[in-house]
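Undergrad: dropping a prediction and its sequence here:
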Amino acid sequence: MSTSDAALAIPSPSRSFWNGDYGLRAWLTTRDHKRIAILYALGITGFFFLGGAAATLIRVNLIEPTGSLLTAETYNKAFTFHGVVMVWFFLIPSIPATLGNFLLPLMIGARDVAFPRLNLASWYLYICGGLFAVASLLAGGVDTGWTFYTPFSTMFSNSNVFLVVIGVFVTGFASILTGLNFIVTIHTLRMPRMTWYRLPLFVWTMYAVSLVMVLATPVLAMTLALIALERLAHLGIFDPALGGDPLLFQHLFWFYSHPAVYIMILPAMGVVSEIIPCFVRRRIFGYRFMTYSILAITVIGFMVWGHHMFVAGQSMYASLVFSIMSFIVAVPSAIKVFNWTATLRKGAITFEAPMLYALGFIGLFMLGGLTGLMLAAPALDIPLTDTYFVVAHFHYVMVGGSVMAYLGGIHYWWPKITGKLYSEGWARAAAILMFFGFNLTFFPQYILGYEGMPRRYHSYLPDFQVLNVLSSAGASILALAYLLPVAYLLWSLRAGAAAGNNPWNARGLEWQTTSPPPKENFLSEPIVREAYAYDEPAP
Amino acid sequence: MNVLSQNVALAASAPMVSEQYDDARQQREAATLGMWVFLATEILFFGVLFASYTILRVLYPQGFAVASRHTDMLFGTIETGVLLSSSCLIALAVRAVKLDQHRVAVWLLSATAMLGVTFLVMHGFEYYKEYTEHLIPGIDFKQPAPRAHAVELFFCLYYCITGFHSLHVTIGVIVIVVLAVRVKNATFGSQRYTYPELTALYWHLVDIVWIFVYPLLYLVGRSG
Amino acid sequence: MSGLGRLLTDASSLAPQVDGLFWFMTALCGAVALGVICAIVYYSIHYRSGSNANRSGTLANTLPVELTWTLIPSVLFVGVFIWSLFLFVKMHTPPADAQTIYIVAKQWMWKAQHAGGQREINTLHVPLGEPIRLTMTSEDVIHSFFVPAFRVKQDVLPGRYTQLWFMATKLGSYPLFCAEYCGLDHSKMGGEIVVMRPAQFALWLEGHLGAGTLAAQGAALFRAHGCSGCHGANASIHAPDLDGLYGRSVQLAGGSQVIADDRYIRDSILLPDKERVAGYEPLMPSFSGQLSEEDLLALLAYLKSTSIATSEPPAIGSESTHEHE
């Protein structure tokens, strides 16, 4: 359909991207970025609960010091599955592939992404990779840990490493295609007045995360291919018996996996940057510095991978270089936290669920980030690494950070995507319950790590039991808090009030079209203004 | 050709603009940027192998030299010439498409594809020869003792690098053959040549990777 | 003492310094976190929608504020980095007079060998107040030697030696954990470090003698595996003389130079052509697969002992004279 056809289309109230072509086949062959976003959301939700089930097994097992719930073998497979699923099949695609796919063209005034068929292909790759991962579970599981360290993963593990590695390899290409699509979309499909410095910060983070996905993921792909080859064909460059180097694997693995954590956090920061101005009714504080910070995190994030290897056997000098770089990469994140806080000043703040999630994000991300700073010092990392201190650190940033932001974004844009309003009362209750449950689960783990409890332990010294029980209690609250949104959000599809185009009175081009949007996104050309123009009335 | 059929020929090769684009120029810009981003991912992909090679060669310089002398330099050199020539031919083919010289373009593209196949066949012969010399790690690898480990490491990398490269050559050959068919059907021409241009870009990348692979694998320790 | 007491006590010379940095960082990060949280709470209440706070006069030029909260954290971070740098270098550099104990890790146990040939499994006896260096390797996968009370941790790798050092400052026994996931019984791969007074430690060593000192065991292996056939005084084959080798600088065939340390000796036995000495043919066979990690450590100890016997002062990591015949 050409542009002239779109201009002649007569808007109809019930005509949205949901009810164009009906049927399974229409959805599975769609090229509409909004439908692809929904398809991704279904997959991501499924994997979240699969990974969550593994977490449940872990936390229940750890109530008892002897680890009586599971055998050691099953436990090892449980934490491996939890890590693999949560990292590659939930966190990395979560915001970019769902909210990013849905919102990016809308936010820049485009009709779709640059390569819609590649977009659909990326979803199929994601699902295909996911099926391999599930197959590895059904075939008996994998016990290497999500980090696949050699030589255990290549020469000692008897589990289904090959299957899960194929799964991650295939899904990696979904990441690459999404990133490629977004970069080209942002460069070429912005509408005429939408200059770079008028873009919402969410779009900036989509751009940055795409750079990381495109440049880092191929390294993972090849590294996993080398593991698979070493297992299958004994082609081993990580094999110490041959004079190869197991540390080489770690360098290659973390060269991807550190930038990967920025894939997880940058979009979350973008979501928070959208929510806060809306519920404070002010422009974001320091827009330019926020964009510089996003780019700084992206670039410097590629230079810090060795901080995962301070005790691995790398040279002291390498460790010192990675340490100073890790301190430096914390600075732009700090700038962002200060800017979000400063945005609150002189605002008129309301506390709907998205805002609760955004405020929770700031606090929890900050705590996680500050403990990351402690780990950036090798002298402190030496006693703390490979203990529960690190486990607490990364769950604070990934769960307290990314997951909270993801849920905040889901709530914020739910009216736009579905055309329905969810129950604000239930949503606030769930957010508060989640905040409380999360802290009860993971704060004790900082103390456990400081006390010396190593990670990936199926059983532990009885001295650690009290904190473990507290953590497991928190996990049960957290699990309930995650189930609540599924319930009330689905309920809103049935019984929620109609949302209207702009229920939050927000700025941003996506709010200038109907809720839900029509297939072609805009029926009339949206009006471009400065980003976060909350001091002006909505167009 | 009379004016009517000329116009028909031109119309047949006018680009179809997908609905997300405002015009053909924007579509071409997007496709080109997309291909360059994709090439960047390929460089990172091969980069892992080159990084591993560098580290292991710094650790075992003499072992790598001995191992490299086991590769077939004659075949490697001919393969380099083959790929370089094919890059030249595909560049000429793209030019021919832009000048609406469809017959010439089809011949050039077919020749490019055939050179690609030649490259792969020669590699096949190399692999077979190395198999008879017990140089394939994991398949009856046997080399004289003092340097066996370094030779085995070298050949692990050799098969990974040439294997992945050959995979990319194979994909390239298939894409070029499909392109040749579409050029024959006048899908592309002076009004519409983005797809052939981008295919040529991909083929040039495959060639450039080989230009690094050749000296690193075949020419270590060959001087003197 | 309860387990936690044994874990959290600062039982090594550097532990108090590590704790000092840890608590400083905790306080600093806690203060920053508290500050930001208080600001958020204050703003949320004061500027809630409908309140009569003064909302006029917003900041026109935000650059000074931005620069301030960019530069102050940067300076603080660099300061902390420098503090941590000095401490890290200390943690990484054993004193010259440290005694070496050899650790071999395997799934799922820790094996220790003292220089005098005493062997232990999952327990390590050490003297109070004397610096100890652990030279460690793994027989299979990567493990990690972790003693929370000493604040030390170091991954233990197959195919190479890694080291850590500590000086115990309190008597008692302290838990040892494996801290790098290594398979099925990773969580059971623990043990104890037992710190004794030097006199009692000497008694313990005497009471647990094995098959001769480590160096003597190494000398026996040197003969049994035919090393003296080429490297001995009456050898017909032209091979480098190993007397006094340890710690010396070696000229390699490629033109470079290397110090003959633990790693070099181990690699020369298993991968003889990796760093061949200049002027010698590549004739030495590889002993890969024929010698266990303990055998290799015994040979290493033997070669170190020949370097003490010569008049040349050994360069790095030499054995102290803590031998027991």
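TA: On my side now, so go ahead. Residues are numbered from 1 along each chain as shown, chains lettered A, B, ... in the order given.

Undergrad: which positions in chain B make contact with chain A?
TA: Within chain B, the residues that sit near chain A (CB under 8 Å from any CB of the partner chain) are B:17-22, B:26, B:29-30, B:33-34, B:37-38, B:40-42, B:44-49, B:51-52, B:55-56, B:59-60, B:137-138, B:149-150, B:152-153, B:156-157, B:159-160, B:164. Quick note: C-beta positions are derived from backbone N, CA and C, even for glycine.

Undergrad: could you list the low-pLDDT ranges of chain A?
TA: Chain A contains residues with pLDDT under 70 at A:1-14.

Undergrad: please redo it, this time with the cut-off set to 80
TA: A:1-14, A:234-236, A:241-243 (pLDDT under 80).

Undergrad: the longest helix along chain A close to chain C?
TA: Ranked by number of residues, the top helix in chain A under DSSP state H is helix A:246-280. Yes. Residues of helix A:246-280 contacting chain C under CB under 8 Å from any CB: A:Pro246, A:Leu247, A:Val280.

Undergrad: show the subsequent helix or strand relative to that helix.
TA: Per DSSP states H and E, the first helix or strand lying C-terminal to helix A:246-280 is helix A:287-300.

Undergrad: can you list the buried residues in that following helix?
TA: Within helix A:287-300, the residues scored as buried using 16 or more other CB atoms under 10 Å in any protein chain shown are A:Tyr287, A:Phe289, A:Met290, A:Thr291, A:Ser293, A:Ile294, A:Ala296, A:Ile297, A:Thr298, A:Ile300.

Undergrad: what do you get for stretch B:22-34?
TA: By neighbour count with 16+ other CB under 10 Å, stretch B:22-34 contains the buried residues B:Asp22, B:Gln26, B:Gln27, B:Arg28, B:Glu29, B:Ala30, B:Ala31, B:Thr32, B:Leu33, B:Gly34.

Undergrad: pLDDT and secondary structure added to the residues you listed, as a markdown table?
TA: Output for the buried residues of stretch B:22-34, formatted as a markdown table (pLDDT from 0 to 100; DSSP: H, G, I helix; E, B strand; the rest coil):
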| residue | pLDDT | secondary structure |
| --- | --- | --- |
| B:Asp22 | 90 | coil |
| B:Gln26 | 93 | helix |
| B:Gln27 | 93 | helix |
| B:Arg28 | 92 | helix |
| B:Glu29 | 93 | helix |
| B:Ala30 | 95 | helix |
| B:Ala31 | 95 | helix |
| B:Thr32 | 95 | helix |
| B:Leu33 | 96 | helix |
| B:Gly34 | 96 | helix |
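
Undergrad: tell me which stretches of the stretch 51-200 of chain C form strands.
TA: Secondary structure of the stretch 51-200 of chain C by DSSP state E, counting those that start in this stretch: the strands cover C:99-106, C:109-113, C:119-121, C:123-127, C:131-138, C:143-147, C:152-156, C:162-167, C:172-178, C:191-196.

Undergrad: a markdown table please, covering those and showing mean neighbour count, distance to B:Thr194 and mean pLDDT.
TA: Below are the strands of the stretch 51-200 of chain C laid out as a markdown table (neighbours: other CB atoms under 10 Å in any protein chain shown; distance: least, CB to CB, whole Å; pLDDT from 0 to 100):
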| stretch | mean neighbour count | distance to B:Thr194 | mean pLDDT |
| --- | --- | --- | --- |
| strand C:99-106 | 23 | 59 | 95 |
| strand C:109-113 | 20 | 64 | 95 |
| strand C:119-121 | 15 | 69 | 93 |
| strand C:123-127 | 20 | 69 | 96 |
| strand C:131-138 | 23 | 55 | 96 |
| strand C:143-147 | 28 | 54 | 97 |
| strand C:152-156 | 26 | 51 | 97 |
| strand C:162-167 | 22 | 55 | 96 |
| strand C:172-178 | 22 | 58 | 95 |
| strand C:191-196 | 21 | 66 | 95 |
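
Undergrad: got CSV for those strands, with distance to chain A too?
TA: CSV is the format used below for the strands of the stretch 51-200 of chain C (distance: least, CB to the nearest CB, whole Å):
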stretch, distance to chain A
strand C:99-106, 11
strand C:109-113, 14
strand C:119-121, 19
strand C:123-127, 16
strand C:131-138, 9
strand C:143-147, 6
strand C:152-156, 5
strand C:162-167, 5
strand C:172-178, 5
strand C:191-196, 12
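
Undergrad: make TSV out of those strands and add distance to A:Val87.
TA: TSV is the format used below for the strands of the stretch 51-200 of chain C (distance: least, CB to CB, whole Å):
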stretch	distance to A:Val87
strand C:99-106	28
strand C:109-113	31
strand C:119-121	37
strand C:123-127	36
strand C:131-138	27
strand C:143-147	22
strand C:152-156	22
strand C:162-167	28
strand C:172-178	24
strand C:191-196	32
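
Undergrad: who in the stretch 151-300 of chain C is up against chain B?
TA: Going by CB under 8 Å from any CB, the residues of the stretch 151-300 of chain C near chain B are C:253-254, C:271-274, C:276, C:282-286, C:288.

Undergrad: ok, the residues of helix A:246-280 next to chain C vs B:Asp100, which is closest?
TA: For those, the residue nearest B:Asp100 by CB to CB is A:Leu247; the value is 57.0 Å.

Undergrad: low pLDDT regions in chain B?
TA: Applying pLDDT under 80 to chain B flags residues B:1-15, B:138-140, B:143-148, B:221, B:223-224.

Undergrad: how about the residues of it near chain C?
TA: For chain B, the residues in contact with chain C (CB under 8 Å from any CB) are B:Leu59, B:Tyr60, B:Pro61, B:Gln62, B:Gly63, B:Ala145, B:Pro146, B:Arg147, B:Ala148, B:His149, B:Ala150.

Undergrad: grab the nearest non-local neighbour of the last one.
TA: Spatial nearest neighbour of B:Ala150, chain neighbours left out: B:Gly63 (2.2 Å); criterion: CB to CB, 6 or more residues apart in numbering or on different chains.

Undergrad: residues of the stretch 201-325 of chain C that sit close to chain A?
TA: Residues of the stretch 201-325 of chain C lying close to chain A by CB under 8 Å from any CB are C:Leu271, C:Lys274, C:Ser288.

Undergrad: okay, now the closest residue to the second one other than its chain neighbours: neighbour count?
TA: Looking back up the chat, that one is C:Lys274. Nearest non-adjacent residue to C:Lys274, counting by CB to CB, 6+ apart: C:Asp267, 5.2 Å away. By the criterion of other CB atoms under 10 Å in any protein chain shown, C:Asp267 has 19 neighbours.

Undergrad: so, low pLDDT: which residues of the stretch 1-150 of chain C?
TA: Confidence mapping of the stretch 1-150 of chain C against pLDDT under 80 gives the ranges C:1-3, C:57-60.

Undergrad: now do the helices in it.
TA: With DSSP state H, counting those that start in this stretch, the ranges of helices along the stretch 1-150 of chain C come out as C:3-8, C:15-46, C:63-92.

Undergrad: need the ones you listed in CSV with mean neighbour count, can you?
TA: What follows is the helices of the stretch 1-150 of chain C, written out as CSV (neighbours: other CB atoms under 10 Å in any protein chain shown):
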stretch, mean neighbour count
helix C:3-8, 17
helix C:15-46, 16
helix C:63-92, 16
